[in-house]
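S.K.: Quick check, what structure comes out for this input:
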Amino acid sequence: MSVILLGVVIVVARVARRADRARENRKPRVEDFDELQPFRIKPTATSRPGVPPVKPTCPPDTIVGSAYVIDGDTIIIKNTRIRLFGIDAPELDHPYGIKSKWAMVKLCKGQIVRAIPDGSMSHDRCVAKCYLPDGRDLSEELVKAGLAIDWPKFSGGVYRRFEPEGVRKKLWRAHNRQTGRPVPPPRPRA
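M.R.: Got it, this is the predicted structure:
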């Protein structure tokens, strides 16, 4: 009887050891943490009380490099956030926003983009005219595709002639933002 009992104890110990090893080797899950810590920004010289924050500035020279696309009218080249000159593309949470972003990704993928800053800033982004190696203007290409509209206040109407018919109805949120009309909040989905 004692031999059987000893055998059972050995088997239980082995099973427990295997379970411990499996627990140690698995990736942690969200359920494993009692409380998730929020992301905290490390203090820097510009975030101390009494020290004014440093405003990003637009580099005076042409910026050339691979582009990382944020949305339809914002890209990053060499750690500089760039707002495409003269157009307004829908935000990611607006209709056609994702489509606009992916059209920009398709245009920029594998290309070296040349950005010529105009010296102004928009929401901490450097405003620039951006060109592909073959000379195509990124703003013009997005407007031609019907995924952005001309913003005459900033472009002087340069890109208006490239807008397809009915695009202002399609991108009504961007049009309303330009004309100062209120943009209603999105309706809840059923």
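S.K.: In the chain, mark out all the strands, start to finish.
M.R.: 63-65, 68-71, 74-77, 80-84, 87-88, 113-122, 125-131, 149-150 (DSSP state E).
S.K.: Any idea which of the ones you listed gets closest to residue 15?
M.R.: Residue 15 sits nearest to strand 68-71 of all those, at 50.1 Å, using CB to CB. Where C-beta positions appear, they are placed from N, C-alpha and C, glycine not excepted.
S.K.: List of residues touching the closest one?
M.R.: Strand 68-71 is contacted by residues 75-77, 81, 89, 91-92, 97, 100-101, 104-105, 108 when judged by CB atoms under 8 Å, 6 or more residues apart in numbering.
S.K.: Any idea how far that strand is from the middle of the chain?
M.R.: Taking CA atoms, centre = their mean, to the nearest Å, one finds the center of strand 68-71 at 5 Å from the center of the full chain.
S.K.: can you check stretch 75-85 too?
M.R.: 11 Å.
S.K.: Could you dump the strands of the chain into JSON lines with mean pLDDT added?
M.R.: Formatted as JSON lines, the strands of the chain follow (pLDDT from 0 to 100):
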{"stretch": "strand 63-65", "mean pLDDT": "92"}
{"stretch": "strand 68-71", "mean pLDDT": "92"}
{"stretch": "strand 74-77", "mean pLDDT": "92"}
{"stretch": "strand 80-84", "mean pLDDT": "92"}
{"stretch": "strand 87-88", "mean pLDDT": "91"}
{"stretch": "strand 113-122", "mean pLDDT": "88"}
{"stretch": "strand 125-131", "mean pLDDT": "92"}
{"stretch": "strand 149-150", "mean pLDDT": "91"}
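S.K.: Now render these as a markdown table, adding mean neighbour count and distance to residue 157.
M.R.: Listed next are those as a markdown table, based on neighbours: other CB atoms under 10 Å; distance: least, CB to CB, whole Å:
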| stretch | mean neighbour count | distance to residue 157 |
| --- | --- | --- |
| strand 63-65 | 16 | 26 |
| strand 68-71 | 16 | 23 |
| strand 74-77 | 20 | 22 |
| strand 80-84 | 22 | 16 |
| strand 87-88 | 24 | 12 |
| strand 113-122 | 17 | 16 |
| strand 125-131 | 22 | 15 |
| strand 149-150 | 24 | 6 |
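S.K.: would you list those in CSV and tack on distance to residue 166?
M.R.: Converted to CSV, the strands of the chain look like this (distance: least, CB to CB, whole Å):
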stretch, distance to residue 166
strand 63-65, 35
strand 68-71, 22
strand 74-77, 25
strand 80-84, 22
strand 87-88, 16
strand 113-122, 27
strand 125-131, 26
strand 149-150, 11
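S.K.: In stretch 131-151, which residues are buried?
M.R.: 131-132, 137-151 (16 or more other CB atoms under 10 Å).
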